[in-house]
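S.K.: Everything below, folded, please.
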Amino acid sequence: MKYLKTINELFDDIEIRNRFGKEYLSGDLSPESTLDWDEYKADPLLTELLEKVTYLNSLKSKRLDKGLYFSFSEERDGLLLYFEVQVTEFANNRYILNIIAASSINDKMDWEEDLVKNIRSKEELFNKLNTTGFNMIKKFNDYCEKEFDISIIDNRISGNVDLN
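M.R.: Next up is the predicted model:
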């Protein structure tokens, strides 16, 4: 019994308090959240992407080596919905952009769309994500809402982009 902590004691550790305290108190902390706020502040590309491509804030974020991944997935009763944006960095502000939208019902592909693009600058990356990428997630979101009553874009944080 001496190892059990109350809710108030969970934030006794300064690192845990700095990492999760603010999100917990504001009600924004969820088990699905994979964004490490210390990593966010220390990662200029992640910071810029989340600021300049607002719909990415609706997706889970993760950095693995030279790649940033923003994803949504929902699985239930034989239905699988999946959307992912992958940005891989390599030499001199060059990137590979990969966007995947897919849905399957009982293991049969119902929707599949993807884009793979070699990008030569940050400006081109932001532009491609805010045009082609946004059109892909908008179209997939409309499909998911119509067919399954599931929204993958949080309308509150989509910024100045018109979702309708």
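S.K.: Excluding sequence neighbours, find me the nearest residue to Trp111.
M.R.: Nearest in space to Trp111, with sequence neighbours left out and distances taken as C-beta to C-beta, 6 or more residues apart in numbering, is Ser103 at 4.0 Å. Glycine gets a C-beta too; all of them are placed from N, C-alpha and C.
S.K.: and that neighbour, what are its bridge partners?
M.R.: Listed by DSSP bridges, the beta-bridge partners for Ser103 are Leu81, Trp111.
S.K.: Which pLDDT does the model give it?
M.R.: Turning to Ser103, the model gives it a pLDDT of 94.
S.K.: Pull up the gap between it and Phe148, please.
M.R.: 8 Å (C-beta to C-beta, to the nearest Å).
S.K.: tell me which residues form a beta bridge with Gln95?
M.R.: Careful, residue 95 is Tyr and not Gln. Note on Tyr95: beta-bridge partners by DSSP bridges are Glu89, Ile119.
S.K.: Now for it, how many residues are close by?
M.R.: The number of residues packed around Tyr95, counting by other C-beta atoms under 10 Å, is 23.
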